[in-house]
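In: from the sequence below, what's the structure:
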Amino acid sequence: MRGRSSPAQATPPQPAEFMDAFLHSLLVVFDALPYIAQGALVTIVMVAGALSLGFVLGLPLAVAQVYGPRPVRMIAGLYVWFFRGVPVLLLLFLFYFGLFNIIGLDLGMIGSSCTVLGLASAAYQSQIFRGSIQSIPAGQLKAGRALGMTDMQCLRSVILPQALRISIPAWSNEYSILLKDSAMCFALGTPEIMARTHFVASRTYEYLPLYIAAGCIYFLITLAGITLLRRLERRVHIPGYATTDTAAGMQAGL
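Out: Numbering: from 1, shown residues only. Coordinates of the predicted model:
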């Protein structure tokens, strides 16, 4: 009885085929880099705008939570509770497709993304600044009053300059988190790194190398920003000021 012939086994890929595929992937990545780099510029602009908006809103929120009357503290706390409790992606949809349409505000995809990221970042930055303000010894405010300064003068000239200095390390962490959150703006069609990378990948089918390249770009932007913030921290550092009590106060605020 004649035996059945065994099915033909697939020939394993040869090293030359691997090399050809690797070189093709590299060419696709290099060809796409200028296009993706334009998205990197959009990402940097969005993150810078969102950080600035978060700072402008977050610092007054922190002051309100520490020194404000009870109704003001409740309103500030409600703002922080909402924006810390709702996912960023959902916030983008709620504002871009909901609130902005209702009130007739057309900021475009980049402007809307930057605004929503900034509003959300303000809630987190307020807690960073609140912790740094509360880490300042209460006696300094009393000393300022004894010198005839008003609470606002003491806050502006004594408390905040110290609080802002010691909040830089935590603020640099907010920068890196916000940079990664910006990738979610891809869902709105914002032409940032992820949107452009996905556009190229969906047409070349080189998903893995292109997404690796995008990850490297995010890493480089994160590294550059954190390096600059560390230099700023060393430049404005008050020698001998950072103590264990200060670090504990920062952690309590967060």
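In: the closest residue to residue 194 other than its chain neighbours: how many residues sit nearby?
Out: Distances taken as C-beta to C-beta, 6 or more residues apart in numbering place residue 186 nearest to residue 194, at 4.0 Å, with adjacent residues excluded. Where you see a C-beta, it was placed from the backbone N, CA and C, and this is true even at glycine. Residue 186: 21 surrounding residues under other C-beta atoms under 10 Å.
In: just the pLDDT for residue 59.
Out: pLDDT, residue 59: 93.
In: reduced to three states, what does it come out as?
Out: Residue 59 falls in the helix class when you classify it by DSSP: H, G, I helix; E, B strand; the rest coil.
In: re the thing from before, hang on, the residue nearest to residue 194 packs against residue 198?
Out: Yes. Between residue 186 and residue 198 there is a contact at 6.8 Å, judged by C-beta atoms under 8 Å.
In: for residue 92, which non-adjacent residue is closest in space?
Out: Nearest to residue 92 is residue 116, by C-beta to C-beta, 6+ apart, at 5.2 Å.
In: got it, and residue 207?
Out: residue 201 is the one closest to residue 207 (C-beta to C-beta, 6+ apart), at 4.6 Å.
In: before we move on, back to that, contacting residues around the residue nearest to residue 92?
Out: Shown in contact with residue 116 (C-beta atoms under 8 Å, 6 or more residues apart in numbering): 88, 91-92, 95-96.
In: where's residue 234 relative to residue 176, distance?
Out: Separation of residue 234 from residue 176 (C-beta to C-beta, to the nearest Å): 18 Å.
In: those two - which one has more neighbours?
Out: Of the pair residue 234 and residue 176, residue 176 is the one with more neighbours under other C-beta under 10 Å, namely 17 against 9.
In: element containing that one?
Out: helix 168-181 (DSSP states H and E).
In: and the contacts of that helix?
Out: Here helix 168-181 has contacts from 43, 47, 50-51, 54, 88, 117, 120-121, 124-125, 128, 131-132, 218, 221-222, 225-226, 229-230, 232-233, 236, 250, 254, using C-beta under 8 Å, 6+ apart.
In: just the buried residues of that helix, please?
Out: Buried residues in helix 168-181, counted by 16 or more other C-beta atoms under 10 Å: 168-172, 174-176, 178-179, 181.
In: for stretch 215-230, same thing?
Out: Buried, per 16+ other C-beta under 10 Å, within stretch 215-230: 217-218, 221-222, 225-226, 229.
In: where are the low-confidence patches of this protein?
Out: Where the chain drops to pLDDT under 70, the residues are 1-18, 20, 22, 238-254.
In: centroid-nearest residue for it?
Out: Closest to where the C-alpha atoms of the chain average out (C-alpha atoms, centre = their mean) is residue 178, at 0.8 Å.
In: on that earlier part again, between the buried residues of helix 168-181, which sits nearest residue 70?
Out: Nearest to residue 70 among the buried residues of helix 168-181 is residue 170, at 26.6 Å by C-beta to C-beta.
In: quick one: the closest one from residue 67, how far?
Out: Relative to residue 67, and taking C-beta to C-beta, residue 170 is found at 20 Å.
In: same deal with residue 78?
Out: Taking C-beta to C-beta, one finds residue 78 at 18 Å from residue 67.
In: those two: which is more packed in?
Out: residue 67 (15 against 10).
In: quick one, phi psi at that one?
Out: Torsion angles at residue 67 (phi, psi; degrees, to the nearest 10) stand at phi -110, psi -10.
In: distance of residue 150 relative to residue 157?
Out: Residue 150 sits 10 Å away from residue 157, going by C-beta to C-beta.
In: do residue 101 as well
Out: Noted for residue 101: a distance of 44 Å to residue 157, by C-beta to C-beta.
In: kindly report the same for residue 120.
Out: For residue 120 relative to residue 157 (C-beta to C-beta), the value is 31 Å.
In: more neighbours: the two, which one.
Out: residue 120 (24 against 11).
In: correct me if wrong: that one contacts residue 85.
Out: No. At 10.5 Å, residue 120 does not count as touching residue 85 under the criterion of C-beta under 8 Å.
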